[in-house]
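S.K.: Following is a predicted model, sequence given first.
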Amino acid sequence: MKIGILITGHPPEEMSDGGRYDAYFARLLGDRDFTYQAWSVVDGEMPQGVHDAEGWLITGSRHGAYEPHPWIPPLEQFIRDCYAAHVPMIGVCFGHQVIAQAMGGKVEKFAGGWSVGRVVYPIEGQEYAINAWHQDQVVEKPAMAQVIGATDFCANAALLYDDRIWTIQPHPEYESDFIGGLIRHRGKGVIPDAQLDSATAALTQPLDNHAIAAKMAAFFKKERA
């Protein structure tokens, strides 16, 4: 199965040795009979059509879905076209947000502040420890979306759009070393020190990234009419 990865942001320059964000997701999902092709949407590169891949994944980004970047409206139309064509799609963090926005929801900077580091999310009846790094949130979900994951801090942490789109706010592609790098290179002076200290202290705790990867793979491979 060919997975198209739509890159909507780049890692900080100080952390670019891990490659572009598509490499993070390819490592997360592994082979699983998947092949991967990436389009750098943030740099103006778009697929020719929704059938250029059999499934799509939209990455995270430092940009806001509501910001006036020229590449966001074409991406939103692509999302709607995928939904109409029943081509499966997964969105992570910014991907989660821009999909919600494209489908009629609302994204904004959350008045409650940032979520940083290891967070336990109840998703579809089970708990998963996943790294978070966001202030923006889906504050109003699209009408057709079902909430499948929520916390007291993030009411729309995971959304399901029937069998066509599955999205999550946290980052299963981020291991603890990447979060540690974000703390050092993007956190200071932006996020309260006490919150960064708490996230740093949790860096040695286990994560459930591989369990989330299995869920993502199962969603892509699900039998559809």
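M.R.: On my side now, so go ahead.

S.K.: which element is Gly95 on?
M.R.: In this structure, Gly95 sits in helix 94-102 according to DSSP states H and E.

S.K.: just checking, what packs against that helix?
M.R.: Where contact means 3 or more C-beta pairs under 8 Å, 6 or more residues apart in numbering; DSSP states H and E, helix 94-102 is packed against strand 55-58, helix 72-85, strand 89-92, strand 106-109, strand 136-140, strand 158-161, strand 165-168. Just so you know, the C-beta spots here come from the backbone N, C-alpha and C atoms, and that holds for glycine as well.

S.K.: Quick one: mean pLDDT for it?
M.R.: Rounded to a whole number, the mean pLDDT of helix 94-102 is 98.

S.K.: try stretch 43-51
M.R.: Averaging pLDDT residue by residue across stretch 43-51 gives 98.

S.K.: and it, how far out from the chain's middle?
M.R.: 18 Å (C-alpha atoms, centre = their mean, to the nearest Å).

S.K.: which residues of the protein fall in helices?
M.R.: Listed from the start of the chain, the chain has helices (DSSP state H) covering 21-29, 72-85, 94-102, 176-182, 193-201, 209-221.

S.K.: Gln126 is nearest to which of the ones you listed?
M.R.: With respect to Gln126, and counting by C-beta to C-beta, the nearest of the helices of the chain is helix 209-221 at 8.1 Å.

S.K.: Mind listing residues that contact that closest one?
M.R.: Defining contact as C-beta atoms under 8 Å, 6 or more residues apart in numbering, one finds that helix 209-221 is touched by 1, 3, 28-30, 32, 34, 54-55, 57, 88, 90, 123-124, 128, 130, 166, 168, 172-175.

S.K.: Next: stretch 31-44.
M.R.: When contacts are defined by C-beta under 8 Å, 6+ apart, stretch 31-44 is touched by residues 1-10, 20, 22, 25-26, 45-47, 52-53, 61, 63, 69-71, 74-75, 217, 220-221.

S.K.: circling back: most tightly packed of the helices of the chain?
M.R.: helix 94-102 (a mean of 27; mean count of other C-beta atoms under 10 Å).

S.K.: Averaged pLDDT, stretch 7-18. What do you get?
M.R.: Summarised as a single mean, pLDDT over stretch 7-18 is 88.

S.K.: my guess is Tyr174 contacts Tyr24, does it?
M.R.: Yes - the criterion here is C-beta atoms under 8 Å, and Tyr174 meets it with Tyr24 at 7.4 Å.

S.K.: so what's Leu6 bridging to?
M.R.: Legend: beta-bridge partners of Leu6 under DSSP bridges are Trp39, Ile58.

S.K.: That one and Ala158, how far apart?
M.R.: Going from Leu6 to Ala158 by C-beta to C-beta, to the nearest Å gives 19 Å.

S.K.: I'd like the distance between Ser61 and Val92.
M.R.: Using C-beta to C-beta, Ser61 is found at 10 Å from Val92.

S.K.: neighbour-wise, which of those two wins?
M.R.: Neighbours per residue, other C-beta atoms under 10 Å: of Ser61 and Val92, the larger number sits with Val92, 30 against 24.

S.K.: Which strand residues bridge that one?
M.R.: Per DSSP bridges, the residues bridged to Val92 are Ile168.

S.K.: Going through the contacts of helix 209-221, which ones are buried?
M.R.: When the contacts of helix 209-221 are checked for burial by 16 or more other C-beta atoms under 10 Å, the buried set is 3, 28-29, 34, 55, 57, 88, 90, 123, 128, 130, 166, 168, 172-175.
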